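Chemist: need a 3D model of the following:
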Amino acid sequence: MKHLVSILVAVLTFCSLSAQDLTVPAAVRQLQKLMVTRMPIHDADEHITLTDARIHVSVPDLEVDFVTDKGYPINTSEDYYLQYLIDHFDLTPLVDNYYSLSIRATSTRNKVTSKGTTSVVATFDIRQILDHMPPTLELQAKTYLYNYVQTFLPTLPRTTGQGEQIINYSYSPLRQLFTITLQYEDSLWGEVKQYITDNYEQVRLNRALTLTLDTTTQLAYAAYASNTTLHHVFHNRSANDTVVLDITPWMWEHLLRSATNPHQQLISLVQSTQQACPIALDSVTTLISCTYDAATRTLTYTSQVTEKIMSAMSAAQQQHLREMHRATLFSSANADLLYLLRSTASSVVYAYRSQTAAPILITFTPEELEE
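Modeler: Residues are numbered from 1 along each chain as shown. Have a look, this model is predicted:
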């Protein structure tokens, strides 16, 4: 599996800190000072100037001023100014520390005060900033973890086993911590607590392995890519007795790069392919998904084709397509994949779909792959 790339943000060190600095996260303060030390920043091509950047601690918010050059019309698109800042500065500190971004743009420029009449005022929250930022792997991972909580938190509590419920999810990018809270019936708690305590390392390893093999979620890979610890909190119904289990980032690297288990190798292959999707296979076919269901041991390649192709797919053409896939699977180019499928007794499914037509599935069972 290819190494996941982490993005290092350059840090500027300043000799003195004001009282306000002590209440502002260092990375946010450094971003603001980086802007201010370079201001005024005049862009002759865009006919705008960045004149000031201020931090509002109580909100919390970073406010940035733009001034349009005299004689040029102001750009009234709020997204224009956000995208301009993203293109010229790393706004990750705002996202990591839950800071919003406010924009003030003026249409005229006074030679003395460098200020004018305010024409555009806009504030962007974390989600809006994330939506405009380039999709680096680290940012994608943080976004996934953030969205995971927002999606599944309203569905809680969720029963996951006899007497076991997930009652809370939370994610802090600043602390690099994703927390899962599980609650147990008091009648089971004593046994559960004793088992976790006596088999802590094995429970932690089993949980980590389960997440790396589960392609229905990307928690393991998102945690690894964002250097995040998965923090499990187990407690009884009255929440007065607790056991904590942490899966730290170094464990993900060890598990995801391990080559001793065919299942792990297959998952690594699937994950690498999935990260590359969508992939244009030919002029009419695009691979849009590659997943592995560990429970049913099924590898699925899903391709998007046109409505015309789907409507013209006769039984004879489907059989021809099946023979083509079979020949490809058994070719020397796919020897490693075939070995992993056989070693794990897995099926492989080639799914074709369009926007409206029912999907076409071409399946090879473990028995067929042994032939």
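
Chemist: helix or strand right after the helix or strand bottoming out on mean pLDDT in the chain?
Modeler: None of the helices or strands of the chain scores lower by mean pLDDT, DSSP states H and E than helix 249-256, at a mean of 73. Using DSSP states H and E, the helix or strand that directly follows helix 249-256 along the chain is helix 262-276.

Chemist: list the buried residues of that next one.
Modeler: Counting neighbours by 16 or more other C-beta atoms under 10 Å, one finds that the buried residues in helix 262-276 are 262-271, 273-275. Where C-beta positions appear, they are placed from N, C-alpha and C, glycine not excepted.

Chemist: what about residue 59, helix or strand, and which?
Modeler: Counting by DSSP H and E, residue 59 is part of no helix or strand.

Chemist: what's the burial count for it?
Modeler: By the measure other C-beta atoms under 10 Å, the count of residues near residue 59 is 12.

Chemist: what do you get for residue 224?
Modeler: 23.

Chemist: isn't it right up against residue 249?
Modeler: Yes. At 6.2 Å, residue 224 and residue 249 qualify as touching, with contact defined as C-beta atoms under 8 Å.

Chemist: can you pull the contacts of the spatially closest residue to residue 370 that is not a sequence neighbour?
Modeler: If the residues on either side of it in the chain are set aside, residue 370 comes closest to residue 342, at 6.3 Å by C-beta to C-beta, 6 or more residues apart in numbering. Contact analysis of residue 342 by C-beta atoms under 8 Å, 6 or more residues apart in numbering lists 366, 369, 370.

Chemist: need the pLDDT of the last one.
Modeler: Per-residue confidence at residue 370 stands at 87 (pLDDT).

Chemist: just the first one next, same as before
Modeler: pLDDT for residue 366: 92.

Chemist: cool, and residue 110?
Modeler: With respect to pLDDT, residue 110 scores 52.

Chemist: same question, the one 5 residues further on
Modeler: For residue 115, the pLDDT comes out at 53.

Chemist: got the phi and psi for residue 102?
Modeler: When read as degrees, to the nearest 10, the backbone of residue 102 gives phi -110, psi 140.

Chemist: quick one on the thing from earlier: which of the contacts of residue 342 count as buried?
Modeler: Listed as buried from the contacts of residue 342 are residue 369; burial here means 16+ other C-beta under 10 Å.

Chemist: save the buried residues of helix 262-276 as a markdown table, and put in distance to residue 198 and pLDDT too.
Modeler: What follows is the buried residues of helix 262-276, written out as a markdown table (distance: C-beta to C-beta, whole Å; pLDDT from 0 to 100):
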| residue | distance to residue 198 | pLDDT |
| --- | --- | --- |
| 262 | 30 | 79 |
| 263 | 26 | 77 |
| 264 | 26 | 72 |
| 265 | 31 | 76 |
| 266 | 32 | 83 |
| 267 | 29 | 79 |
| 268 | 31 | 74 |
| 269 | 35 | 79 |
| 270 | 34 | 84 |
| 271 | 33 | 77 |
| 273 | 39 | 81 |
| 274 | 37 | 82 |
| 275 | 38 | 78 |
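
Chemist: so who does residue 54 touch?
Modeler: 32, 62, 63.

Chemist: which residues does it bridge with?
Modeler: Per DSSP bridges, the residues bridged to residue 54 are residue 63.

Chemist: also residue 303?
Modeler: Under the criterion DSSP bridges, residue 303 forms beta bridges with residue 287, residue 352.

Chemist: who are the contact partners of it?
Modeler: Per C-beta under 8 Å, 6+ apart, neighbours of residue 303: 281, 285, 286, 287, 288, 350, 351, 352, 353.

Chemist: pull out the buried members of the residues you listed.
Modeler: Neighbour-count burial (16+ other C-beta under 10 Å) applied to the contacts of residue 303 gives 287, 350, 351, 352, 353.

Chemist: about what we covered before: from the contacts of residue 342, which is closest to residue 69?
Modeler: Distance to residue 69, by C-beta to C-beta, is smallest for residue 369 among these, at 66.8 Å.

Chemist: measure that closest one to residue 334 for me?
Modeler: Residue 369 sits at a distance of 11 Å from residue 334 (criterion: C-beta to C-beta, to the nearest Å).
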